[in-house]
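Trainee: generate coordinates for the sequence data below:
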Amino acid sequence: MNQKTMKALISCFVDPIDSRIIMEITEKETATAKQLAKTLTDIPQATLYRHLGKMVENNVLRVAEERPVRAVVEKVYAMASPPAQDISRLLEENQGDVYLNLFAQFSAALLREFADYAARDDINILKDGSGFSTGPIAVNLEELEELMIKIGELIAPYRTPEQAVKPGRKIHSLAIVITPPKEGGEK
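Mentor: Here you go, the predicted structure:
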């Protein structure tokens, strides 16, 4: 991913139309403009096509398939890099651009959950058990690995299918983000 594509990907999360398109395509894995228009009903068709074209041009999205439909060719859009392919590539090549792309897709999925929640009429932010926060932690790699193991052990009992059917329980997503270390942070 070149600098132009990285900047385009980051700007997609700032642009409300682009971010909604990315959320839909991330959730569905692939989508046509017609499918997106059914979900994103408030976006005019010309605007939707313009944004899709721009994201393909900037390598944020790719045309995964072209299907002949009557007298036109329908394009099927997907994220430029599929997540499963990127994980193995990231580990093999240690590429920052692939890492950023994976994080963008992860963020899009989280953004989708919050957008769906915010669109409901019955939300109660305090009582629904939703929230987010961030704060610095000072750890070395060994301590960070130990912390992640402990967090995994803490949440393991709540991740079983049996927990989801107990009365009063609702499914939440727990996302843990460990940011890369700040430059010059090691002393």
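
Trainee: excluding chain neighbours, what is closest to N101?
Mentor: Nearest-residue entry for N101: S81, 5.0 Å, with adjacent residues in sequence omitted and distances by Cβ to Cβ, 6 or more residues apart in numbering. Backbone N, C-alpha and C define where each C-beta goes, glycine included.

Trainee: next, that neighbour: secondary structure please.
Mentor: Recorded secondary structure, S81: coil (DSSP: H, G, I helix; E, B strand; the rest coil).

Trainee: ok, it touching F103?
Mentor: No: applying Cβ atoms under 8 Å, one finds S81 not in contact with F103, separated by 11.9 Å.

Trainee: more neighbours: these two, which one.
Mentor: Taking neighbours as other Cβ atoms under 10 Å, S81 and F103 compare with S81 leading, 20 against 14.

Trainee: for that one, give its distance to K4.
Mentor: Distance, S81 to K4, by Cβ to Cβ, to the nearest Å: 16 Å.

Trainee: same thing with S173?
Mentor: Taking Cβ to Cβ as the criterion, S173 is separated from K4 by 32 Å.

Trainee: repeat that for I10.
Mentor: The span separating I10 from K4 equals 11 Å under the rule Cβ to Cβ.

Trainee: report the contact partners of the residue positioned nearest the centre of the chain.
Mentor: With the centre of the chain defined as its mean C-alpha position, the nearest residue by Cα atoms, centre = their mean is A108, 2.5 Å away. Residues near A108 by Cβ atoms under 8 Å, 6 or more residues apart in numbering: 13, 19, 22-23, 26.
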